[in-house]
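*Asks:* Have a look at this prediction, sequence included:
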Amino acid sequence: MAVREFPLAAIYGGAVKAPKVHSDIVEYIIAAVYVDCDFDLKYVWKIIRGLLEPIVTLETLPLQPVTMLYELCQKQGKQVDMKHWRKVDTNICSIYVDGKLIATGTSDQKDIAKLNAAKEALEKINKSVINNVGIVYEVNDKSEIESAKQKLHELCGKKKWPKATYRIVKEVGIAHEKKFICSVEIETADVKLFMSGDEKSRVKEAENSAASMMIHSLVESDYL
């Protein structure tokens, strides 16, 4: 079976269940190249690096969904509660935000059920942003602003706000057809605002989408 035929899994939280043959294949290839290169590690890395793309770094590593959910709700002053139980052989996790049920995840493993529930909760929460007085601004059906990331950067400078920060919050698809969803966070004089954008084929485009959503929200909330 070719490597590409195995289903792609998330890289966080133990959701990866890759067959051992994956690591065996990589080890055999690296060992063969190592011998052919007369045991020159620098040359081996030069050859192998391309086979390992995309390489995950601290900058591109997506946040673990449960961690991100807690961080997001904490910034919005909301309480997160998770309830676990089993039904026959299935683990079930329900997530409540301020006492309201917003997501449920299931799996044969407790940790994966929690991950599934957290991802569903994030998808719902990331469709809106809550300001310091609790008003929700919907971000659906907004036209994307050209060069939004640069415009948001200039705006933060004019307002003397800290520079906007971006994160990859979700990756979908196979390696050569991967798509990304990015979030952006800014800190105004009295509140932190968080927004995620639409799914895009490039990280820069995903960041621009998030910046565009943020600008729309700032306009609606009279911050501009």
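*Replies:* On my side now, so go ahead. Computed from a prediction, not measured in an experiment: that's the story for all the values here.

*Asks:* quick one: secondary structure of residue 51?
*Replies:* Following DSSP: H, G, I helix; E, B strand; the rest coil, we place residue 51 in the helix state.

*Asks:* Test my guess that it contacts residue 25.
*Replies:* No - in this structure, residue 51 is not within contact of residue 25 by C-beta atoms under 8 Å, at 10.3 Å. To be clear about C-beta, it is placed using only N, CA and C from the backbone, and glycine gets the same treatment.

*Asks:* Return every residue with contacts to both of these two.
*Replies:* The contact sets of residue 51 and residue 25 do not overlap (C-beta atoms under 8 Å, 6 or more residues apart in numbering).

*Asks:* Remind me what the helix or strand residue 35 falls within packs against, helices and strands.
*Replies:* For residue 35, the element it lies in under DSSP states H and E is helix 20-36. Judged by 3 or more C-beta pairs under 8 Å, 6 or more residues apart in numbering; DSSP states H and E, the packing partners of helix 20-36 are helix 41-48.

*Asks:* ok, and what's touching the helix it packs on?
*Replies:* 29-30, 33-34, 37.

*Asks:* And stretch 152-161, by the same measure?
*Replies:* Contacts of stretch 152-161 (C-beta under 8 Å, 6+ apart): 162-164, 184, 186-189, 211, 214-215, 218, 224.

*Asks:* Just the buried residues out of the residues you listed, in ChimeraX syntax.
*Replies:* ChimeraX command restricting these to the buried ones, with burial defined by 16 or more other C-beta atoms under 10 Å:
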select :164,184,186,188,211,214,215,218
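
*Asks:* how about stretch 174-188: buried residues?
*Replies:* For stretch 174-188, by 16+ other C-beta under 10 Å, it's 179-186, 188.

*Asks:* Revised request: answer the last question for stretch 78-93.
*Replies:* 78, 80, 82, 91-93.

*Asks:* What is the end-to-end distance of it?
*Replies:* Start-to-end span of stretch 78-93 (C-alpha to C-alpha, to the nearest Å) is 19 Å.

*Asks:* List of residues touching it?
*Replies:* Taking C-beta under 8 Å, 6+ apart as the rule, stretch 78-93 contacts 69-70, 73, 94-99, 104-110, 112-114, 116-117, 130.

*Asks:* Inside strands: which ones of those?
*Replies:* 94-97, 104-107, 130 (DSSP state E).

*Asks:* just the buried members of those residues?
*Replies:* Here, 16+ other C-beta under 10 Å leaves 94-95, 97, 105, 107, 130 buried among those.
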